[in-house]
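**Q** Here's a sequence, model it:
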Amino acid sequence: MKEKIYEEVELFIEKNEKVDSSSLYKYIGIGRTVLWRKAPELTAYINERIKIQNDKEKFL
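**A** You can find the predicted model right below:
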């Protein structure tokens, strides 16, 4: 399950220049709180990827 979520996150980020967390969690089909309870490391990864993507777009 976790590997599939990692893949979905990367696909979503590739398709979007600016990423917001609500759209991403809707895309992967799981609520942030639910994911945080089951896999906090995955939630941290998602937050970091969003930050990196949005910072990158800011400088382009």
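
**Q** Now the helix or strand harbouring residue 44: buried residues?
**A** Residue 44 belongs to helix 40-59 when assigned by DSSP states H and E. Across helix 40-59, burial judged by 16 or more other CB atoms under 10 Å covers 42-43, 46, 49-50, 53. Placement of C-beta: from N, CA and C, glycine included.

**Q** pLDDT score for the spatially most central residue of the chain?
**A** The chain has residue 46 as the residue nearest its centroid, 3.7 Å off, counting by CA atoms, centre = their mean. As predicted, residue 46 sits at a pLDDT of 98.

**Q** Likewise for the one 4 residues further on?
**A** Per-residue confidence (pLDDT) for residue 50: 96.

**Q** where's residue 58 relative to residue 12, distance?
**A** 19 Å (CB to CB, to the nearest Å).

**Q** try residue 40
**A** 20 Å.

**Q** Then residue 47?
**A** The value you get for residue 47 to residue 12, if CB to CB is used, is 14 Å.

**Q** still on that earlier bit, confirm for me that the residue nearest to the centre of the chain is in contact with residue 23.
**A** No: using CB atoms under 8 Å, residue 46 is not in contact with residue 23; the gap is 11.8 Å.
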